[in-house]
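J.: My questions concern the predicted model and sequence given below.
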Amino acid sequence: MDKSSALDYINQMFPTEASLSGVEPLMQKIHGEIRRVDAGILAAVRQQSNSGTKAKEDLAAATRAVEELMYKIREIKSKAEQSETMVQEICRDIKKLDFAKKHITTTITALHRLTMLVSAVEQLQVMASKRQYKEAAAQLEAVNQLCSHFEAYRDIPKITELREKFKNIKQILKSHVFSDFSSLGTGKETEESNLLQQLADACLVVDALEPSVREELVKNFCSRELTSYQQIFEGAELAKLDKTERRYAWIKRRLRTNEEIWKIFPPSWHVPYLLCIQFCKLTRTQIVEILNNLKEKPDVGTLLLALQRTLEFEEELAEKFGGGTRDRETGIDLEESGGDEKNHTVSDIRKKYEKKLAVHQGSEKEEKDGNKELSVPGAGFNFQGIISSCFEPHLTVYVELEEKTLMENLEKLVQEETWDIEEGSQTSILSSSMQVFLIIRRSLKRCSALTKNQTLFNLFKVFQRILKAYATKLFARLPKGGSGIVAAATGMDGQIKTSDRDERVICYIINTAEYCHKTSGELAENVSKIIDPQLAEGVDMSEVQDEFSVVITKSLVTLVHGLETKFDAEMAAMTRVPWGTLESVGDQSEYVNGINMILSSSIPVLGNLLSPIYFQFFLDKLASSLGPRFYLNIFKCKHISETGAQQMLLDTQAIKTILLDIPSLGRQTSGAASYSKFVGREMSKAEALLKVILSPVDSVADTYRALLPEGTPAEFQRILELKGLKKADQQSILDDFNKRGSGISQQPVAQSVAPAVSSVSAVLPVIANQASGGPIATREDVLARAAALGRGAATTGFKRFLALTEAAKDRKDGPFRKLFNA
């Protein structure tokens, strides 16, 4: 407690003078507390002193205990060493005796086994000399086991002698077994009843010998069995392609006849399986030799019959022995492709085989039970293609026949095509196209049943040529234009005249080409799935699809050209109207009614037959043709008075309305919005031209610049001629136009003139009208005056049409079609 705390405590205890009377009792209390604390401290010091002395005593006692423990451990270790020495002395003689016992036991066992080995070898020698194969097989196993115990004693002379003797005995057994098996199949098995049992016992001996002996025996047996086959079918009479089926009949008959006899072979030997493999390899060699020695191309029917029989035989082997299965396809149905008599024979044989196959499936369970011992599950050998693959390089004649047949069928289908659709038909597709793909699918089915390698790929190339030829046939059916000096000079076809039936045929061709485009892609996908994966990358129908795309585009262009030709008479009638002498504005002109009648008769049919995307394409092309053509046709008129211009402007509005109604007329309004904008843009050019013609002479130049900013001086001069101005009046206006034309014509005008006066912020330069001496005209005045004449017009996209204006004078339609084709 510091000084301040003590003072605070005193002040707290004695706050007043009156409280000082309690000082004496407080002092006594404090002295008592001090004495109590001192006594407690003294007691604690004494206790601590006593504890230190006791701890020293305890430590000393623990140290003495550890020393005693270490002494006892040393004593125990010494006694253990003494005990170990004593035990070693006692067991030294016992260990020697133990080793002696072990060596004696090993020696006795070895001598006993040696005795057994000598006895077994002698017995085996006797059994081998007497051809006691069953006993010899068991003895061989015993000797083999005994010999394995003497592997470490190979250098001992006696053991070497015994091993050499055992080797000679095995050689004797091998020669006896091979000699006995050489009589198998010679007829002795029927004369000697115990021969088969003896050979069955000999198989046990072979199993006890090295595996190479079994392989050699089976190989010799198979070679001996196939010797007669080789001799028979290498002769001049049977070494022919049309005798191929007899080869497979021979081996099947051989397997069936000797099935009971060959049961002497253990099932694990797979003798029928190995015999069939060797037969297939030998047959393949002989067939390759036959095919290579042919002096001329093989007969297709014979070749395919041989291949089909080979495939059937391979399928039977695969089912019998395992080793892969083949997708079952129908046979060579060449009858469907219009083959010759041999092809009909092949078809009949195929049908016969299908019946056999059905019977085979019905008795599948019995056949599996009968061949249970001969089956080779998981043998791993694939019989598919072991023989049939040798036909692959020689199937070119088959592909050529297929191509010839397909091409003949194509010609026949095109000749028989009515180019019309039957009533009630759900599709607007020519029947010949569906028939073409039908015969192609049949051809693909036939070929895939024979091969899925290079021949199938070559046939796919044939399909490409057939479809390209069909596309050419469709293209050739389109109406053609006339030809002449003008067409040759301009690089364009002549006028294409189309009737209502021609228009329907063109629509059918478009739909058919679209169907062929889609189906040819699906055909390529199907072929790529079944063909060899290494050839799948080359399966592509893009070129064929491009051919049909060209047919579609050309058909649509031809459709538009045909309508253009129908408009020729109406365009000519428009130029014959006396526009300069009309007295009043009446109803729409006759040529407009003619255009309306043409479209009203054609569009509903086209809209019903064409798909929306192609109908929209057709409409865009039609609008891009009729609008500019009408614009150019105005320049072909001689003189247009103000009344004539007003009548022509009325006709323009009528034509525009007719064009805008085409989507609803064709019952296809999906793209009507974009089409309406397109028509408005194209027809507004003609409207702008007529508004320029209607404008007063004093402001015609300004109106021309405002409405047709991309116009040329030549076109402007032609407009002045249409207005009927004299040469002198034209010259002054042209001079003024040329002086200011270059600066003004470069300014873009991005506005359209509405029926009401448009608000324009930009102001044209002030121009003095020298001809009339009238007031100065601003751009607002010019546009307001033009707007009062009729509906607005777009002001862009004239350059390419104006460039054709002069050429249009030389020819009725001018070279506009070239632009349309571009």
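T.: Great, that's in hand.

J.: From residue 56, how far off is residue 48?
T.: In this view, residue 48 and residue 56 are 13 Å apart by CB to CB, to the nearest Å. Using the backbone N, CA and C atoms, a C-beta is placed for each residue, glycine as well.

J.: Sorry, wrong one. I was asking about residue 621.
T.: 124 Å.

J.: Which one's more surrounded, those two?
T.: Higher neighbour count among residue 621 and residue 56: residue 621, with 19 against 9, using other CB atoms under 10 Å.

J.: hang on, the more buried one packs against residue 558?
T.: No. Between residue 621 and residue 558 there is no contact under CB atoms under 8 Å: 10.8 Å.

J.: Common neighbours of the two, please.
T.: Residues touching both residue 621 and residue 558 (CB atoms under 8 Å, 6 or more residues apart in numbering): none.

J.: so where's this structure uncertain?
T.: 1-3, 185-193, 235-238, 323-381, 423-424, 426, 482-494, 668-672, 740-822 (pLDDT under 70).

J.: Nearest to the spatial middle of it, which residue is it?
T.: residue 525 (6.8 Å; CA atoms, centre = their mean).

J.: Now whichever strand or helix holds that residue: buried residues?
T.: Assessed by DSSP states H and E, residue 525 sits inside helix 500-530. In terms of neighbour count (16 or more other CB atoms under 10 Å), helix 500-530 has its buried residues at 502-517, 519-520, 523-524, 527-528.

J.: Which strands or helices does it pack on?
T.: Where contact means 3 or more CB pairs under 8 Å, 6 or more residues apart in numbering; DSSP states H and E, helix 500-530 is packed against helix 431-450, helix 454-477, helix 542-576, helix 590-609.

J.: can you put the ones you listed in JSON lines and add mean neighbour count and distance to residue 91?
T.: Listed next are these as JSON lines, based on neighbours: other CB atoms under 10 Å; distance: least, CB to CB, whole Å:
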{"stretch": "helix 431-450", "mean neighbour count": "20", "distance to residue 91": "87"}
{"stretch": "helix 454-477", "mean neighbour count": "20", "distance to residue 91": "86"}
{"stretch": "helix 542-576", "mean neighbour count": "19", "distance to residue 91": "96"}
{"stretch": "helix 590-609", "mean neighbour count": "18", "distance to residue 91": "116"}
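
J.: got TSV for those, with distance to residue 151 too?
T.: Listed next are the helices and strands packed on helix 500-530 as TSV, based on distance: least, CB to CB, whole Å:
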stretch	distance to residue 151
helix 431-450	58
helix 454-477	57
helix 542-576	71
helix 590-609	93
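
J.: Of those, which is nearest residue 107?
T.: Proximity to residue 107 (CB to CB) singles out helix 454-477 among the helices and strands packed on helix 500-530, at 73.7 Å.

J.: Looking at this structure, which helix is longest?
T.: When the chain is parsed with DSSP state H, its longest helix is helix 23-130.

J.: Can you name the next helix or strand after that helix?
T.: Taking DSSP H and E, what comes next after helix 23-130 is helix 133-149.

J.: And the helices in the stretch 301-450 of the chain?
T.: Per DSSP state H, counting those that start in this stretch, the stretch 301-450 of the chain carries helices over the ranges 341-362, 364-370, 396-416, 431-450.

J.: which outside residues touch the third one?
T.: Taking CB under 8 Å, 6+ apart as the criterion, the residues outside helix 396-416 that touch it are 297-298, 300, 303-304, 334, 337-339, 432, 435-436, 439-440, 443, 446-447, 450, 455, 458-459, 462-463, 465-466, 469-470, 473.

J.: thinking again about what came up before, please name whichever of the helices and strands packed on helix 500-530 is nearest to residue 645.
T.: Using CB to CB, the helices and strands packed on helix 500-530 put helix 542-576 closest to residue 645, at 13.3 Å.

J.: distance between that closest one and the chain's centre?
T.: 37 Å (CA atoms, centre = their mean, to the nearest Å).

J.: Please apply the same query to stretch 11-19.
T.: 111 Å.

J.: Flag every buried residue along it.
T.: Judged by neighbour count (16+ other CB under 10 Å), stretch 11-19 contains no buried residues.

J.: distance between the ends of it?
T.: Terminal residues of stretch 11-19 are spaced 10 Å apart (CA to CA, to the nearest Å).

J.: Residues contacting it, please?
T.: Contacts for stretch 11-19 (CB under 8 Å, 6+ apart): 20, 22-23, 26.

J.: Tell me which two in those are the farthest apart.
T.: Using CB to CB, those span at most 10.2 Å, a distance reached by 20 and 26.

J.: What distance do you get for residue 273 to residue 216?
T.: Distance, residue 273 to residue 216, by CB to CB: 17 Å.

J.: Just want to know which of the two has more residues nearby.
T.: Applying other CB under 10 Å to residue 273 and residue 216 shows that residue 273 carries more neighbours, namely 19 against 14.

J.: got the buried residues for the helix or strand the more buried one falls within?
T.: Per DSSP H and E: residue 273 is located in helix 271-292. Residues 271-280, 282-284, 286-287, 290-291 are the ones in helix 271-292 that count as buried (16+ other CB under 10 Å).

J.: Isn't residue 176 up against residue 131?
T.: Yes. The pair residue 176 and residue 131 passes the contact test of CB under 8 Å, sitting 5.7 Å apart.

J.: Assign residue 724 to helix, strand or coil.
T.: Assigned with DSSP: H, G, I helix; E, B strand; the rest coil, residue 724 falls in the coil class.

J.: now the one 10 residues further on
T.: Secondary structure assignment for residue 734 (three-state DSSP): helix.

J.: Hmm, residue 391 is touching residue 309, no?
T.: No. Judged on CB under 8 Å, residue 391 makes no contact with residue 309 at a distance of 11.0 Å.

J.: out of the two, which sits in the more crowded spot?
T.: residue 391 (26 against 20).

J.: distance of the more buried one from residue 530?
T.: 18 Å.

J.: can you count the residues close to the closest residue to residue 508 other than its chain neighbours?
T.: Leaving aside its sequence neighbours, residue 508 sits nearest to residue 430 (CB to CB, 6 or more residues apart in numbering; 5.4 Å). The local packing of residue 430 (other CB under 10 Å) involves 27 other residues.

J.: what residues are up against residue 430?
T.: Applying CB under 8 Å, 6+ apart, the residues near residue 430 are 417, 419, 421, 508-509, 512.
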